[in-house]
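Engineer: Okay, sequence plus prediction incoming.
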Amino acid sequence: MANRQALRDLQSRLADRLQAARSEGVVASWLAVQCGSVDYLLPLEQSGEIFPLTTLQTVPYTRDWFIGVANLRGGLFGIVDMHSFVSKGKASVRTEALRSQCRLVALNPALEINCAVLVDQLLGLRSAQAFAEVTAPDAEAPDFFGNVYADATGRRWQEINLQKLARQGEFLSIAS
């Protein structure tokens, strides 16, 4: 009986929060994540479900940044270490404490690729109002890099266009 009341209370709080969000007009545009020491913004419309780091099955003869495959809700997903891919380095070695903060962010099913990126930490949702400055990416930046945003504290956030990333030849070529 107590569980039913707790469920009703939760539903009531969620309904209140949804109504408040509608009336305030606050729209989150990005999922803020950290990979290594770099802050990234992943567009919500290109992001999918978020999963805790699970058991990965390694795949031989693949690039260092492709760290394996995982069963996520009954689907087989390739897992890419985002920090390693972007920095073109080896897969990061993480302590058990760091691994507990890691999450897998699946790409939106509309992108038609069963892939999730490993991020070191989720930092919440961000809207355009959270940023004081926007600059275009460097000319040498990969084509999947979007704008660079700076918040009021000067912290810089690199936008990653997951749709462009999912279509990039290097990202699709996991064989070493």
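Structural biologist: Noted; the coordinates are in hand. Numbering: from 1, shown residues only.

Engineer: who are the neighbours in contact with the residue nearest the centre of the chain?
Structural biologist: Nearest to the geometric centre of the chain sits Val105, at 4.5 Å (CA atoms, centre = their mean). Each residue near Val105 by CB atoms under 8 Å, 6 or more residues apart in numbering is listed here: Leu31, Val33, Leu42, Ser47, Gly48, Ile50, Ala116, Val117, Val119. Where C-beta positions appear, they are placed from N, C-alpha and C, glycine not excepted.

Engineer: and it, that one's in a strand?
Structural biologist: Yes: looking at Val105 with DSSP: H, G, I helix; E, B strand; the rest coil, it is inside a strand.

Engineer: And it, how close does it get to Arg8?
Structural biologist: 32 Å (CB to CB, to the nearest Å).

Engineer: Please apply the same query to Gln101.
Structural biologist: From Gln101 to Arg8 the distance is 33 Å (CB to CB).

Engineer: Those two - which one has more neighbours?
Structural biologist: Gln101 (14 against 10; other CB atoms under 10 Å).

Engineer: what bridges to the closest residue to the more buried one other than its chain neighbours?
Structural biologist: Leaving aside its chain neighbours, Gln101 sits nearest to Gln121 (4.9 Å; criterion: CB to CB, 6 or more residues apart in numbering). When bridges are called by DSSP bridges, Gln121 pairs up with Gln34.
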